[in-house]
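Engineer: When you get a sec, could you give me coordinates for this:
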Amino acid sequence: MKTATKTYGTWLQCWPGGESFEYRGEAEGMRVRQKTPDGGYTDWRKPSADVRRKIEIQRLALIYQDREILACDSALVDDCLKLAGEHSAEFFREWEYENIQNLQTNPDDWDAAECRSWMDERGIEDDDEPTEEDRDDDEEADRLREIVRDNSETAEIFEWWRVNGWFAKELAAVGECVLSNNYGDWWGRCTTGQQYIMDGVLQKVAARHV
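Structural biologist: A predicted model of the protein is given here:
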């Protein structure tokens, strides 16, 4: 007589939305299930391409969390930035505010989709959006870039995290504030009060490689 055995996978919560999945297997062999409102579970099933991508992005973001982010250096960097305005020694030139990348939003290289994503994250409405018939892709991108410029503000950095050099470049590529000098590389985190894995920033970097 055969005894039924339970099959378990790995639970993963995907941020920034917070949706969770239990998964097992890899690539085309991956199967997932989720909890139901009554406390049960759905059947194991092949995930949609979107769900599998979410899982792969979150798994890679967790690797970045463990491997690429080294230490919180908020006090150190804040003090160096303040002292840079008071001293002219060579050391302090490395810590001037003008060396911080993406302190101001620069949409010059963004396409229309990237501009809309930025606007949606901030709840900025577009009252003058043209109809499909009147839309010209190049003109639309130019128009949306102007909206971004008009609504952008200097970033407010709450925390400084020392990161590896490769990851600093990746963070800068997705628009994050980054300070790199002869003494190291730091991510200027513009949110606080929750774990940084929940911000969605690490997932943006991961999405570039999935």
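Engineer: pLDDT-wise, which helix or strand of the protein ranks last?
Structural biologist: Lowest mean confidence among the helices and strands of the chain (mean pLDDT, DSSP states H and E): helix 90-93, at a mean of 85.
Engineer: Give me the contacts around the next helix or strand after it.
Structural biologist: Taking DSSP states H and E as the definition, the helix or strand that follows helix 90-93 towards the C-terminus is strand 100-101. Contacting residues not belonging to strand 100-101 are listed as 157, 172, 177, 178, 179, 180, 188 [CB atoms under 8 Å, 6 or more residues apart in numbering]. Glycine gets a C-beta too; all of them are placed from N, C-alpha and C.
Engineer: per-residue confidence averaged over strand 100-101?
Structural biologist: Here the mean pLDDT over strand 100-101 is 96, rounded to a whole number.
Engineer: Just among the contacts of strand 100-101, which is most surrounded?
Structural biologist: Of all these, the highest neighbour tally under other CB atoms under 10 Å goes to residue 179, namely 25 neighbours.
Engineer: Can you list the strands that whichever strand or helix holds it pairs with?
Structural biologist: Residue 179 belongs to strand 177-181 when assigned by DSSP H and E. Paired neighbours of strand 177-181 in the sheet (DSSP bridges): strand 100-101 (antiparallel), strand 184-189 (antiparallel).
Engineer: residues making contact with that strand?
Structural biologist: With CB under 8 Å, 6+ apart as the test, strand 177-181 has contacts from 77, 94-95, 99-103, 155, 157, 160, 165, 168-169, 171-172, 185-190.
Engineer: Quick check: the gap between residue 48 and residue 121.
Structural biologist: 24 Å (CB to CB, to the nearest Å).
Engineer: Oh, that last question was meant for residue 173, not what I typed.
Structural biologist: Using CB to CB, one gets 17 Å for the distance from residue 173 to residue 121.
Engineer: One more: residue 39?
Structural biologist: Taking CB to CB as the measure, residue 39 and residue 121 are separated by 34 Å.
Engineer: For the residue nearest to residue 197 when sequence neighbours are not counted, grab phi and psi.
Structural biologist: Once flanking residues are discounted, residue 197 sits nearest to residue 65: 5.3 Å by CB to CB, 6 or more residues apart in numbering. Reported as degrees, to the nearest 10, the phi and psi values for residue 65 are phi -60, psi -40.
Engineer: next one: residue 38
Structural biologist: phi -90, psi 10.
Engineer: repeat for the one 10 residues further on
Structural biologist: Comment: the main-chain dihedrals of residue 48 come out as phi -70, psi 160, following degrees, to the nearest 10.
Engineer: what's the neighbour count on it?
Structural biologist: Residue crowding around residue 48 was assessed by other CB under 10 Å; the count is 10.
Engineer: Could you pull up the contacting residues of it?
Structural biologist: With contacts taken as CB under 8 Å, 6+ apart, residue 48 has no neighbouring residues.
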